[in-house]
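**Student:** Quick one, structure for this:
(2 chains)
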Amino acid sequence: MTEDRETTERLRRALAARAETIHPEPDGLDRIEEQLMARTPLTDTQRWTIAGVAAVATLLVVALFVVSATDDDDDADLATGTSTTTTEPVEETTTTTEAPEETTTTTTTFTPAVDPFTVAFPSPDGSRRFDAPAAAARAFATDVLGFTELVLGGPAPTGDGTADVAVQDREDGPVTLVSLQQLDDDAWYVVGAATEDISVAVPGPGTSLASPFETSGEALAFEGTVEVLVLRQDDPTPLGQGIVTGSGAPPPGPFQGRIEFMPPPEPVAGVLVYRVTSPEDGRVVQATAVRVRLTPFTS
Amino acid sequence: MATMAPPLRRAEPWLVGLYRAHHRDLVRLATLLVDDQGSAEEAVQDAFVAVARRGSDGIEDPAAYLRTAVLNNARSVLRKRRVRRRHLRSVENPAVAPGADHEVLVDEEARQVLAALGELSERQREVLVLRYWADLSEIEIAAALGISTGSVKTHAHRGTAALARILEAP
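**Tutor:** Residues are numbered from 1 along each chain as shown, chains lettered A, B, ... in the order given. Model (predicted):
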């Protein structure tokens, strides 16, 4: 290397001086051991496998119990000569004489405590809330980004009330980093997502867009193809979509495009999704998402 | 069906030896790259955990493996930081900024050089730190970063030139 000697000497001295000020925490090995002794987080596939086995086992037990109970009822029906449908709860330990409560899904109407334009997902105007960053990231990845296969990393706190969750389509797949923030209502919201291979320069987060709009950035994808979706925050049906073309081989190459969307009747919070799909089966492998404001105007 | 994770273990003697030999320098290397000792320590711990899970027989050169793992983890820290900066631009969040704690610990000259180093591209910074702090050869740097020696030379040359320009600017 034949770089400017004076500069490199200054650099060498500065790096050495800085390094001398760095004293690692003495409990580093303990922390490594703690990580080693901790359970390895299960992948989604493993979780679903375990849940599936547990569900099948539970169903088998319940089925056996119901068969047994039905046999008893058959005896009673024969005695009275009537044909009835079993409506009693199957649990023998039930002592109440009241009808068991039905499981109901209640939807509470929330007064938004969060400005919809500061988040990408979920809509603060809706009833969906997430009390854990991983749950919000999972829902965002599947419902908004369009992932059909998920390997979810553990949430990595990045500050007070903020976290990143890594999302991959498979364990060795590219990482889409979903950024989340816990806001005033204590719920977790997605504020954006990014992947190393898709970098969106224009529009930036929070930009007001009229249709059509120009977009640019850099991308690396199979044949350079990046799909762009325009979504309302509260509706997964795209208002518009298009294709931009970056680079098909490293490094990421610039893209530029014009995307049209159906203007909403009034300004709404929206999300732009830039995603790359697998040439093998079309599944989403990585995506970058930018929160925007969609306006009814045309440009 | 997915393969379950291999059984985990406490740090074995070979890992402890590796830790004692390299931990401090790796924390320093990572801190020089991410400028935040907390994130750097986590990056190094994750690298040691990855080495431990692969086992002593699974890696030909554990020190080189650790270095590359630390560099990858440091890059991940910077990437996450960029994402947060970008997406939280209009959502108030002071935690996004890195902790430049060196500002009060080194002299003015070093502070200027380090600030200039921070303006270089990630790759240039990595090459210069590995060359002028870790004293690695071009071949070792190329192996650690997974790039060609030609790229190492290019990044070193351009990085140094940019550094000189920044330092000379009034």
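
**Student:** Now do the spatially closest residue to residue B:122 that is not a sequence neighbour against residue A:12, distance only.
**Tutor:** The spatially closest residue to residue B:122, leaving aside those adjacent along the chain, is residue B:78, at 6.0 Å (CB to CB, 6 or more residues apart in numbering or on different chains). No exception for glycine: its C-beta is placed from N, CA and C like everyone else's. Per CB to CB, to the nearest Å, residue B:78 is found 23 Å from residue A:12.

**Student:** What segments of chain A are helices?
**Tutor:** Along chain A, the stretches classed as helices by DSSP state H are A:5-20, A:28-37, A:44-80, A:133-140.

**Student:** Of the ones you listed, which shows the lowest average pLDDT?
**Tutor:** Ranked by mean pLDDT, the helices of chain A end with helix A:44-80 in last place, scoring a mean of 61.

**Student:** So which elements touch whichever strand or helix holds the residue nearest to residue B:122?
**Tutor:** Element membership for residue B:78, per DSSP states H and E: helix B:62-87. Here helix B:62-87 touches strand A:156-159, strand A:162-168, strand A:176-182, strand A:188-195, helix B:13-34, helix B:37-54, helix B:122-132, helix B:138-145, going by 3 or more CB pairs under 8 Å, 6 or more residues apart in numbering or on different chains; DSSP states H and E.

**Student:** what separates residue B:50 from chain A, distance-wise?
**Tutor:** 10 Å (CB to the nearest CB, to the nearest Å).

**Student:** For chain B, which residues score under the pLDDT cut-off?
**Tutor:** B:1-11, B:83-105 (pLDDT under 70).

**Student:** Show me the domain layout of it.
**Tutor:** For chain B, automatic domain parsing gives the domain ranges B:11-100, B:106-170.

**Student:** Would you format those domains as JSON lines with distance to residue A:188 and mean neighbour count included?
**Tutor:** JSON lines is the format used below for the domains of chain B (distance: least, CB to CB, whole Å; neighbours: other CB atoms under 10 Å in any protein chain shown):
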{"stretch": "domain B:11-100", "distance to residue A:188": "13", "mean neighbour count": "19"}
{"stretch": "domain B:106-170", "distance to residue A:188": "29", "mean neighbour count": "18"}
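
**Student:** so residue B:23 makes contact with residue B:48?
**Tutor:** Yes: look at residue B:23 against residue B:48 with CB atoms under 8 Å: they come within range, at 7.5 Å.

**Student:** Report the mean per-residue pLDDT for stretch A:263-275.
**Tutor:** The pLDDT scores in stretch A:263-275 average 93.

**Student:** quick one: buried residues of that stretch?
**Tutor:** A:263-264, A:268-275 (16 or more other CB atoms under 10 Å in any protein chain shown).

**Student:** likewise stretch A:224-238?
**Tutor:** In stretch A:224-238, counting by 16+ other CB under 10 Å, buried: A:224-234, A:238.

**Student:** and which of the residues you listed is nearest residue A:115?
**Tutor:** Ranked by distance to residue A:115 (CB to CB), the buried residues of stretch A:224-238 are led by residue A:233 at 11.4 Å.

**Student:** Verify the contact between the closest one and residue A:128 for me.
**Tutor:** No: the criterion here is CB under 8 Å, and residue A:233 misses it with residue A:128 at 10.9 Å.

**Student:** list residues touching both of those two?
**Tutor:** residue A:122 (CB atoms under 8 Å, 6 or more residues apart in numbering or on different chains).

**Student:** Next, residue B:58: secondary structure please.
**Tutor:** Here residue B:58 is recorded as coil under DSSP: H, G, I helix; E, B strand; the rest coil.

**Student:** Can you tell me how far the residue nearest to residue B:122 is from residue A:220?
**Tutor:** According to CB to CB, residue B:78 stands 18 Å off from residue A:220.

**Student:** can you check residue B:131 too?
**Tutor:** From residue B:131 to residue A:220 the distance is 27 Å (CB to CB).

**Student:** ok, now residue B:80?
**Tutor:** For residue B:80, the distance to residue A:220 equals 19 Å [CB to CB].

**Student:** Nearest to residue A:121, out of the domains of chain B?
**Tutor:** Among the domains of chain B, domain B:11-100 comes nearest to residue A:121, with 12.2 Å by CB to CB.

**Student:** Now do the closest one: distance to the chain's middle.
**Tutor:** Remark: domain B:11-100 is offset 6 Å from the chain centroid, using CA atoms, centre = their mean, to the nearest Å.

**Student:** do the same with stretch A:248-263
**Tutor:** Averaging C-alpha positions (CA atoms, centre = their mean) puts stretch A:248-263 23 Å from its chain's average.

**Student:** so how far is the first residue of that stretch from its last?
**Tutor:** Terminal residues of stretch A:248-263 lie 32 Å apart, using CA to CA, to the nearest Å.

**Student:** Ok, stretch A:205-225 next?
**Tutor:** Span of stretch A:205-225 from end to end, CA to CA: 22 Å.

**Student:** does that stretch come close to chain B?
**Tutor:** Yes: using CB under 8 Å from any CB of the partner chain, stretch A:205-225 reaches chain B at A:205-206.

**Student:** residues of that stretch that come out buried?
**Tutor:** Applying 16+ other CB under 10 Å to stretch A:205-225 flags A:205-206, A:209, A:211-213, A:215, A:217-221, A:224-225 as buried.

**Student:** I figured residue A:283 was touching residue A:149, is that so?
**Tutor:** Yes: counting by CB under 8 Å, residue A:283 touches residue A:149, with 5.9 Å between them.

**Student:** Which one's more surrounded, the two?
**Tutor:** residue A:149 (17 against 14; other CB atoms under 10 Å in any protein chain shown).

**Student:** Looking at per-residue confidence, what score does the more buried one get?
**Tutor:** At residue A:149, the pLDDT value in this model is 84.

**Student:** what's near enough to touch the closest residue to residue A:262 other than its chain neighbours?
**Tutor:** Distances taken as CB to CB, 6+ apart place residue A:239 nearest to residue A:262, at 4.6 Å, with adjacent residues excluded. Listed by CB under 8 Å, 6+ apart, the contact set of residue A:239 reads A:230-232, A:261-264, A:270, A:294.
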